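# Sequence and predicted structure are below.
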Amino acid sequence: MRAIQAREAGDPDVLELVDLPDPDPGPGEVRVEVAFAGVNFIDTYRRAGVYPMTYPHVVGSEGAGRVVALGDGVTSLAVGDRVAWSDAPGSYASAVLVRAERALPVPDDVDDAAAAALPLQGLTAHYLATSTAPVLPGDDVLVHAGAGGVGLLLTQLAVARGGRVLSTVSTAEKEELARAAGADVVIRYDQLADLDAELPALVREATGGAGVAAVFDGVGRTTFDASLASLRRRGTLVLFGGSSGQVPPVDLQRLNAAGSVYVTRPTLGDYTATPEELHERAAELFDAVAAGTLDVRIGARFPLADAAAAHAALESRGTTGKLVLEV
């Protein structure tokens, strides 16, 4: 098989295309011929050494494709089935092993690119809006990086639940995308001289002085203080990523001063801990895409061999929607 391997921790140029033996599925696994692999920030963290890894290793954990071989004991899938996944290590490859219980059936009317783009970011958006800080009818919520892959999906899900979305973006093009996804208020943080002071003021102006019920923050270090100051009394700051860097330790007394607010740092694994919960969330997402009520924006497609360029593009924070590798 062809695969993208990180030979050591470092910048995108440590990624290289290599030939490796096809993996043999073990008990409870299937081998999948990969059509598309999703590109995510967690891949860049693992490549760069932010998350400890062994090197060399094949990068990626998300994708979509077709089952080509079954391991012992697999009865829930058949050769030829189309599946997607969010947690199969080594997904930047032409073949990957996926645990059968974590393989997500893909409806016929959802194409491979959308199927590969949806699992990690879609499942993340789903648990954020429905479980971590459930958006209720009439809630004002703030979504950072509203034109990113999670941001566009999260905005649509929040609006579908009756919420009103305030979104932050950095360009006019991204503003258009955020509004098209349903954002009612879009704040251009590239036009703010002092993000920590001006963003909360704009949020409170847009919410009658109250602040938002929840902030969904995947940016991290550069937005954390402004996010905390944008919450209403007893609001929730959901820190689900750190594209600008990790947030330093926080004095918990700040939560008291901000109005008895909550801060949480969730992770997808805890919201898809059982196969039943994983499949339930995924089925809702795929059904919405098939019905045309949830749009999955593919921001760019890269050939597998250009994985380094895809990582550089993602880390530039200039992308919109989802980046995928065409395998």
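It's in.

# Might you list the low-confidence residue ranges for the stretch 201-327 of the chain?
The model of the stretch 201-327 of the chain has no residue with pLDDT under 70.

# change it to 80
Along the stretch 201-327 of the chain, segments meeting pLDDT under 80 span 317-318.

# so where do the helices sit in it?
For the stretch 201-327 of the chain, helices defined by DSSP state H, counting those that start in this stretch occupy the ranges 224-229, 253-257, 268-271, 275-291, 307-315.

# Determine which of these approaches L120 most closely.
Proximity to L120 (CB to CB) singles out helix 268-271 among those, at 6.9 Å. To be clear about C-beta, it is placed using only N, CA and C from the backbone, and glycine gets the same treatment.

# how about TSV for the helices of the stretch 201-327 of the chain, with mean neighbour count added?
As requested, the helices of the stretch 201-327 of the chain are exported to TSV (neighbours: other CB atoms under 10 Å):
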stretch	mean neighbour count
helix 224-229	23
helix 253-257	11
helix 268-271	15
helix 275-291	17
helix 307-315	21
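
# Tabulate those in CSV, adding columns for distance to P137.
Shown next, in CSV, are the helices of the stretch 201-327 of the chain (distance: least, CB to CB, whole Å):
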stretch, distance to P137
helix 224-229, 23
helix 253-257, 26
helix 268-271, 22
helix 275-291, 18
helix 307-315, 34
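
# between these, which one is nearest to A69?
For those, proximity to A69 was assessed by CB to CB; helix 275-291 is nearest, at 20.6 Å.

# Which strands or helices does that closest one pack on?
Judged by 3 or more CB pairs under 8 Å, 6 or more residues apart in numbering; DSSP states H and E, helix 275-291 is in contact with strand 104-105, helix 119-127.

# List the contacts of it.
Contacts with helix 275-291, where a contact means CB atoms under 8 Å, 6 or more residues apart in numbering, come from 84, 101-102, 104-107, 109-110, 114-115, 118-119, 122-123, 126-127, 271-272, 294-296.

# Can you select the buried ones from the residues you listed in ChimeraX?
To isolate in ChimeraX the members of these that are buried, counting by 16 or more other CB atoms under 10 Å, one can use:
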select :84,102,104,106,110,114,115,118,119,122,123,126,127,271,272,294,296
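
# Any idea which of the helices of the stretch 201-327 of the chain gets closest to L70?
For the helices of the stretch 201-327 of the chain, proximity to L70 was assessed by CB to CB; helix 275-291 is nearest, at 17.1 Å.

# Adjacent strands (with direction) for whatever helix or strand A35 lives in?
A35 is part of strand 29-39 when elements are defined by DSSP states H and E. When pairing is defined by DSSP bridges, strand 29-39 lines up against strand 63-70 (antiparallel), strand 95-99 (antiparallel), strand 322-326 (antiparallel).

# In terms of pLDDT, where does the residue lying closest to S170 once chain neighbours are set aside sit?
What sits nearest to S170 in space, not counting adjacent residues and going by CB to CB, 6 or more residues apart in numbering, is D190, at 4.4 Å. pLDDT for D190: 91.

# From A95, how far out is D190?
According to CB to CB, to the nearest Å, D190 stands 42 Å off from A95.

# Can you pick out the residue with more neighbours from those two?
Taking other CB atoms under 10 Å, D190 and A95 do not tie; A95 has more neighbours (21 against 12).

# what sits against the more buried one?
The neighbours of A95, taking CB under 8 Å, 6+ apart as the test, are 1, 22-23, 31-34, 68.

# repeat for V18
V18 makes contact with 2-5, according to CB under 8 Å, 6+ apart.

# try 7 Å this time
Shown in contact with V18 (CB atoms under 7 Å, 6 or more residues apart in numbering): 3, 5.

# Looks to me like it is in a helix.
No - counting by DSSP: H, G, I helix; E, B strand; the rest coil, V18 is not part of a helix but strand.

# A160: neighbour count?
Other residues near A160 come to 14 when the count uses other CB under 10 Å.

# Distance-wise, check the nearest residue to it once chain neighbours are set aside relative to D139.
Spatial nearest neighbour of A160, chain neighbours left out: T293 (7.1 Å); criterion: CB to CB, 6+ apart. With distances taken as CB to CB, T293 is found 20 Å from D139.

# Repeat that for A300.
Taking CB to CB, one finds A300 at 32 Å from D139.

# One more: V30?
40 Å.

# The two: who's more crowded?
Neighbours of V30 and D139, each counted by other CB under 10 Å, are more numerous for V30; the result is 25 against 19.

# so what pLDDT did that one get?
For V30, the pLDDT comes out at 98.

# and it, what is it in contact with?
V30 sits next to 67, 69-71, 74, 77, 98, 100, 103 when contact means CB under 7 Å, 6+ apart.

# The closest residue to T155 other than its chain neighbours: how many residues sit nearby?
Once flanking residues are discounted, T155 sits nearest to A181: 4.2 Å by CB to CB, 6+ apart. Residues within reach of A181, counting by other CB under 10 Å, total 24.

# show me what contacts the closest residue to N40 other than its chain neighbours?
In this structure, N40 finds its nearest non-sequential neighbour in L120, 5.4 Å apart by CB to CB, 6+ apart. Listed by CB under 7 Å, 6+ apart, the contact set of L120 reads 38, 40, 62, 86, 268.
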